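# I'll drop the sequence and a predicted model, then ask my questions.
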Amino acid sequence: MKFEKICVLGLGYIGLPTASTFATHGLQVLGVDVNRQVVDTLQNGGLHIHEPGLRTLFQAAIGSGNLIVEDGPQAADAFIIAVPTPFYEDKRADLSFVKSAAEAVVPHLRAGNLVVLESTSPPRTTVDIVAPILEKSGLRAGKDFFLAYSPERVLPGQILSELIENARVIGGVDRLSAEAGRDLYAIFVRGEIVLTDATTAEMVKLMENTYRDVNIAIANEFSRLAERFGIDIWEAIAIANRHQRVKILNPGPGVGGHCISVDPWFLVEAAPDLTPLIQASRHVNDSQPQVIVELVRKAVGSLHGRVIAVLGLAYKPDVDDLRESPAIDVARLLGEGGALVRSYEPYKPGARLEGLHVVPSLEQALAEAEVIVLLVRHKPFLELRPAQIARLTPARLIVDAVNAWDAPSWQAAGFVVSRLGVRKSRVMAVDE
Ligand code: SAJ
């Protein structure tokens, strides 16, 4: 199938890079967002999200004349739906954006068009929810138009390269729909393109993120056991990972971001009776901020009135994304416990977060601190030297939740270091 003009609905972390990449590969792209502010920002050449390299790519796309941004769709050869699927309080998927995007396509849908859903969705969303909406056009999915599900699996921070290099799954409601999807993405994807059915493709996406969530949960549970039994979890993991079939992930303050902490719930919602392991893993990871707070409490005694420098608020290293961040939960819980928390996030020093005192510099976070709590393995934190920090703060207590700092060097500079998953007086190197 040949494509000249496509319409991308939803211009967020996935839709905007996708629209821009198609435009720089020669397609005419209409980018659509229902948020007027987003449309205004983009029409004026600005960006509402941060992703390395996106500004240059977006400007090239706009500059080529191939990318136009509007607040509603128009007739096109293909429609890509890349809107968010958040969840409600009770963890059920909120498909309202997916549904309204599909509704918006209906008046413009023509025989021979392709529609692709990219939004992460519960199993069967494409066939049971999106197809019936699109069929209000009078056209039949798989007969008159092609319909496919193709999940995005790019890693925030590396979206632009992964968009092109990653293997891509395309699940069609029938074989010809999957092939039409392949013809579209082959325009820029250099990774392998794998064809399957729509529901398998939905499951693949959810399985990948759930697999990672469960694996992080077991690492977090192991770190709790390590403290109980008086060992160093980091040493134990390093040794276990020398086994050729073992790859234990890292414990930490919990699982954040808008993917791994959300997607497993889509499977739980779809089949609560079949998902005890997935549910338990979610609960382990969600309770991890509380574990970090207990670690701090053990290190300082009472939290009440203690001045605490929290280093790192992002959901993972070297991104500025604060969504669903467990580090923010830790900072809030410390504050609720009576501590005076000064939080510092090097990638978003001006962040404003309700109920949190975010300071714009490391110096301000440390100036009056009694305890330093390190929550994210950001590069700028890894580069800090103990002697340099000792000059900036009266604090001599460190709680390292991410195994970022070499404890002996900090101890040599006069600090007492508590590490997540460690209750051992002498830390022995793996090779000793
Ligand atoms: N984390 C740990 N321990 C680890 C690894 C991660 O606690 O050993 C935490 C991180 O700190 C973070 C969370 O897990 O809070 C998630 O981080 P991540 O780097 O594992 O994943 P995301 O959410 O940034 O991106 C994931 C990726 N999925 C997989 O690796 C299976 C990405 O490929 C997906 O495209 C993305 O979700 C998505 O959009 O679904």
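Looks like it arrived, so ask away.
# how much space is there between Lys143 and Ala102?
Distance, Lys143 to Ala102, using Cβ to Cβ, to the nearest Å: 17 Å. Bear in mind the C-beta positions are built from the backbone N, C-alpha and C, glycine included.
# who's more crowded, those two?
Ala102 (25 against 12; other Cβ atoms under 10 Å).
# Can you verify the more buried one is assigned to a helix?
Yes - assessed by DSSP: H, G, I helix; E, B strand; the rest coil, Ala102 belongs to a helix.
# so how far is the lengthiest helix in the chain from its chain's centroid?
Across the chain, the helix with the greatest residue count (assigned by DSSP state H) is helix 198-229. Distance of helix 198-229 from the chain centroid (Cα atoms, centre = their mean, to the nearest Å) equals 14 Å.
# can you check stretch 87-95 too?
Taking Cα atoms, centre = their mean, one finds the center of stretch 87-95 at 17 Å from the center of the full chain.
# Stretch 270-289 - what's its average pLDDT?
Mean per-residue pLDDT for stretch 270-289: 98.
# With stretch 216-234 instead?
On average, stretch 216-234 scores 97.
# Now do the buried residues in that stretch.
Applying a neighbour-count criterion of 16 or more other Cβ atoms under 10 Å, the buried positions in stretch 216-234 are 216-217, 219-224, 226-227, 231-234.
# before we move on, what about stretch 167-181?
Neighbour count says stretch 167-181 has Arg168, Val169, Ile170, Gly171, Gly172, Val173, Asp174, Ser177, Ala178, Glu179, Ala180, Gly181 buried, by 16+ other Cβ under 10 Å.
# in the protein, which spans are strands?
If DSSP state E is used as the criterion, the strands of the chain fall at 5-9, 28-32, 67-70, 78-81, 114-117, 146-149, 168-172, 193-197, 307-311, 340-344, 371-374, 397-400, 416-419.
# Next, the angle strand 5-9 makes with the second one.
Just to be clear, that refers to strand 28-32. 20 degrees (axes from the mean of the first three to the mean of the last three Cα atoms, to 10 degrees).
# who's in contact with strand 28-32?
Residues outside strand 28-32 that contact it (Cβ atoms under 8 Å, 6 or more residues apart in numbering) are 4-11, 15-16, 19-20, 22-23, 42, 61, 66-74, 76, 104.
# Can you tell me which of these are buried?
By 16+ other Cβ under 10 Å, these give 6-11, 15-16, 19-20, 22-23, 42, 61, 66-69, 73, 76, 104 as buried.
# if we can go back for a sec, restrict the buried residues of stretch 216-234 to those near the ligand?
Filtering the buried residues of stretch 216-234 for neighbours of the ligand using Cβ under 6 Å from any ligand atom leaves Ile216.
# and Phe146, what does it touch?
Taking Cβ under 8 Å, 6+ apart, we find Phe146 in contact with Met1, Asn113, Leu114, Val115, Gly172, Val173, Leu176, Ser177, Ala180, Gly181.
# ok, which residues in the stretch 301-432 of the chain are in contact with the ligand?
Counting by Cβ under 6 Å from any ligand atom, the stretch 301-432 of the chain sits next to the ligand at Tyr315, Lys316.
# Give me the neighbour count for the residue in the stretch 301-432 of the chain positioned nearest to the ligand.
Per Cβ to the nearest ligand atom, Lys316 is where the stretch 301-432 of the chain lies closest to the ligand, at 3.7 Å. Using other Cβ under 10 Å, the number of residues around Lys316 comes to 22.
# Tell me if I'm right that it and His258 touch.
No - between Lys316 and His258 there is no contact under Cβ atoms under 8 Å: 11.7 Å.
# shared neighbours of the two, which are they?
Joint contacts of Lys316 and His258 (Cβ under 8 Å, 6+ apart) do not exist.
# List the contacts of the residue nearest to Ser281 when sequence neighbours are not counted.
Once flanking residues are discounted, Ser281 sits nearest to Ala217: 3.6 Å by Cβ to Cβ, 6 or more residues apart in numbering. Listed by Cβ under 8 Å, 6+ apart, the contact partners of Ala217 are Val255, Ala280, Ser281, Arg282, Val284, Asn285.
# about what we covered before: tell me how far the residue of the stretch 301-432 of the chain closest to the ligand lies from Lys136.
41 Å.
# next one: Gly312
48 Å.
# and the two? which has more neighbours close in?
Ranked by neighbour count (other Cβ under 10 Å), Gly312 and Lys136 place Gly312 first, with 29 against 12.
# Quick check: that one touching Leu374?
Yes - at 6.7 Å, Gly312 counts as touching Leu374 under the criterion of Cβ under 8 Å.
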